[in-house]
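Student: When you get a sec, could you give me coordinates for this:
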Amino acid sequence: MPKQIIIKGRKVVGGVAEGEAIVSHEPVEGWINADYQRGIITERGHPLRGIKLKDKIFVFPAPKGSGGWIRSFGWMPRYNVAPAAMLFTRGNCLTFQGAVLGNIPSMTDFDKDPVEIIETGDHVKVDADKGIVYVIKK
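Tutor: The predicted structure follows:
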């Protein structure tokens, strides 16, 4: 039977989503390094460069950069390429605004670091309204 882990956190944007996790151990920049029309990270040298975020549970430690989060992640839903949900260890007002504008269920302030627990390919259910993340290990 698959192992299930529960992580508790704080809602940034409410909603419920589930899907396959895509995990970055490096911060992610939102300005010119995230293509909002294709839903991919374009930053040179980033481990997730070229990986599609559409319908994935996007897990990352923190944002980096400036207001690009508002444009990139706020506009991805317009092109139907947004992640299903976002889980980040540390955010800032720009990360929060990108999640709000994109209406992407998002959480932060966890009791356990999701970047350390969740692996790419794990099945994850995010219930941001209840502040709970369910992880089924691959």
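Student: By residue count, which strand of this protein is the longest?
Tutor: For the chain, the strand with the greatest residue count under DSSP state E is strand 16-23.
Student: how about the helices in the chain?
Tutor: Counting by DSSP state H, the chain has helices at residues 68-75, 93-102, 114-117.
Student: need those helices in JSON lines with distance to Gly30, mean neighbour count and mean pLDDT, can you?
Tutor: C-betas here are computed from N, CA, C, even on glycine. JSON lines is the format used below for the helices of the chain (distance: least, CB to CB, whole Å; neighbours: other CB atoms under 10 Å; pLDDT from 0 to 100):
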{"stretch": "helix 68-75", "distance to Gly30": "4", "mean neighbour count": "23", "mean pLDDT": "81"}
{"stretch": "helix 93-102", "distance to Gly30": "6", "mean neighbour count": "20", "mean pLDDT": "87"}
{"stretch": "helix 114-117", "distance to Gly30": "17", "mean neighbour count": "18", "mean pLDDT": "98"}
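Student: Could you name the stretch from the ones you listed that's closest to Met86?
Tutor: Minimum separation from Met86 across the helices of the chain (CB to CB) falls at helix 93-102, 6.0 Å.
Student: for stretch 5-13, which positions count as buried?
Tutor: Applying a neighbour-count criterion of 16 or more other CB atoms under 10 Å, one finds Ile7, Gly9, Lys11, Val12, Val13 buried in stretch 5-13.
Student: CA-only coordinates of stretch 7-22 in CSV, if you can.
Tutor: Taking C-alpha atoms only, stretch 7-22 is exported to CSV below (Å, rounded to 0.1, in the frame of the first residue of the first chain):
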residue,chain,number,x,y,z
ILE,A,7,1.5,18.3,5.6
LYS,A,8,-0.3,21.2,7.2
GLY,A,9,0.1,24.8,6.1
ARG,A,10,-1.5,28.2,5.6
LYS,A,11,-3.8,29.0,2.7
VAL,A,12,-2.7,31.7,0.3
VAL,A,13,-5.4,31.1,-2.3
GLY,A,14,-8.2,28.7,-1.5
GLY,A,15,-9.3,25.7,-3.6
VAL,A,16,-8.7,22.0,-4.0
ALA,A,17,-6.4,20.5,-6.6
GLU,A,18,-4.6,17.2,-7.1
GLY,A,19,-2.1,15.8,-9.5
GLU,A,20,1.5,14.9,-10.1
ALA,A,21,4.1,17.0,-8.2
ILE,A,22,6.9,18.8,-10.0
